[in-house]
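A.B. asks: Here is a sequence with its predicted model. Questions after.
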Amino acid sequence: MLAELTANAVADALARRESAPFAVVEAAALARPAALDALEALRPAAHVKVIAEIKRSSPSRGSLATISDPAALARQYELGGASAISVLTEGRKFGGSLADLETVRAAVSLPVLRKDFIATPYQVLEARAAGADLVLLIVAALDDPTLRELHDLIVELGMTPLIETHSADELERAAALGARLIGVNARDLSTFELDRDLFGRLAPRFPDGAIRVAESAVLSAADVAHYRSSGADVVLVGEALVTGGDPIANLSAFLAV
Ligand SMILES: O=C(O)c1ccccc1NCC(=O)[C@H](O)[C@H](O)COP(=O)(O)O
């Protein structure tokens, strides 16, 4: 499934490239005001931090929420105390778009993550051109030279890579990059199985100084507490916030952990 999601994302980017050539997107990326400092926003603190996600649907859960105004939801996340906003820009399975990212960027003053299946420099440029401050790279989807190339391009453009892992081996590959923001996704992106204990098993293997992000499977404050007690500096939450009815109240419960 991960290979298919990535191949589709690359095909969709190639199609966009027909009307927005590389040089045009590159110029737009370079013309953007500087990216916000996500490492500062997500710096470990006395309380857990939250990256709150704009997520309409997903391959594992189908339709989750009708989000007709992503800017309004992002503003609620900001009011609720989120430290950054994740925008799923993949269109086929997640119902997202780069337009969502642009509209969220304009609505909040928090760092914004492009969460997608990024495998080409063009997609990184698109992210910056749309106003992203962070870009997700999924280790399992990339070989080492591509991972290095994309990581370095993200940094060169002033953004922060969030390097997503799902095993000890992938964590080593993230560490070899010198990654400073590393996530462990509880969701196996091929089988969709959730393992909330994976973060805790991998936490001792994080490189010194890296910010530790626990991704996925937060449905309650107890899940946040579980990740926090296992060493998470940051949790990334989608489903619970878009289906919970009151994102501000949900966020405040998560931040009280
Ligand atoms: O969410 C999915 O079903 C999914 C399937 C395949 C690849 C990626 C997928 N989700 C992306 C994410 O990692 C999550 O949206 C994110 O971590 C938030 O997860 P959750 O809080 O469990 O909605």
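C.D. replies: Noted; the coordinates are in hand. Residues are numbered from 1 along each chain as shown.

A.B. asks: OK, contacts around the nearest residue to residue 94 once chain neighbours are set aside?
C.D. replies: Using C-beta to C-beta, 6 or more residues apart in numbering and skipping residues adjacent in sequence, the residue nearest residue 94 is residue 88, 4.2 Å away. (Each C-beta comes from the backbone N, C-alpha and C, glycine too.) By C-beta atoms under 8 Å, 6 or more residues apart in numbering, residue 88 lies in contact with 53-56, 94-96, 100, 115-116, 238.

A.B. asks: Redo those as a markdown table? Include neighbour count.
C.D. replies: Below are the contacts of residue 88 laid out as a markdown table (neighbours: other C-beta atoms under 10 Å):
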| residue | neighbour count |
| --- | --- |
| 53 | 26 |
| 54 | 29 |
| 55 | 24 |
| 56 | 19 |
| 94 | 24 |
| 95 | 19 |
| 96 | 24 |
| 100 | 25 |
| 115 | 30 |
| 116 | 27 |
| 238 | 25 |
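
A.B. asks: Those residues: which ones sit near the ligand?
C.D. replies: Among the contacts of residue 88, the residues within reach of the ligand (C-beta under 6 Å from any ligand atom) are 53, 55, 238.

A.B. asks: pLDDT and secondary structure added to those, as CSV?
C.D. replies: Shown next, in CSV, are the ones next to the ligand among the contacts of residue 88 (pLDDT from 0 to 100; DSSP: H, G, I helix; E, B strand; the rest coil):
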residue, pLDDT, secondary structure
53, 98, strand
55, 98, coil
238, 98, coil
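
A.B. asks: Next to the ligand in this structure, residues from the chain, please.
C.D. replies: 5, 53, 55, 58-61, 185, 187, 189, 192, 215-218, 236-240.

A.B. asks: hmm, try it at 5 Å
C.D. replies: 58-60, 189, 215-216, 236-239 (C-beta under 5 Å from any ligand atom).

A.B. asks: quick revisit: which of the ones next to the ligand among the contacts of residue 88 lies closest to residue 28?
C.D. replies: residue 53 (24.8 Å; C-beta to C-beta).

A.B. asks: quick one: the closest one from residue 224, how far?
C.D. replies: Look at residue 53 and residue 224: by C-beta to C-beta, to the nearest Å, they are 14 Å apart.

A.B. asks: likewise residue 78?
C.D. replies: Residue 78 is 19 Å from residue 224, where distance means C-beta to C-beta.

A.B. asks: what do you get for residue 168?
C.D. replies: Residue 168 is 24 Å from residue 224, where distance means C-beta to C-beta.

A.B. asks: Report how many residues lie close to the nearest residue to residue 193 once chain neighbours are set aside.
C.D. replies: Distances taken as C-beta to C-beta, 6+ apart place residue 187 nearest to residue 193, at 7.4 Å, with adjacent residues excluded. A count of neighbours around residue 187, defined by other C-beta atoms under 10 Å, yields 17.

A.B. asks: Quick check: residue 187 touching residue 216?
C.D. replies: Yes - Residue 187 lies in contact with residue 216 (C-beta atoms under 8 Å); the separation is 4.4 Å.

A.B. asks: which residues in the stretch 51-200 of the chain form helices?
C.D. replies: 70-80, 98-107, 121-129, 144-156, 168-177, 198-202 (DSSP state H, counting those that start in this stretch).

A.B. asks: would you list these in CSV and tack on distance to residue 39 and mean pLDDT?
C.D. replies: Listed next are the helices of the stretch 51-200 of the chain as CSV, based on distance: least, C-beta to C-beta, whole Å; pLDDT from 0 to 100:
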stretch, distance to residue 39, mean pLDDT
helix 70-80, 19, 98
helix 98-107, 18, 98
helix 121-129, 17, 98
helix 144-156, 11, 98
helix 168-177, 15, 98
helix 198-202, 20, 98
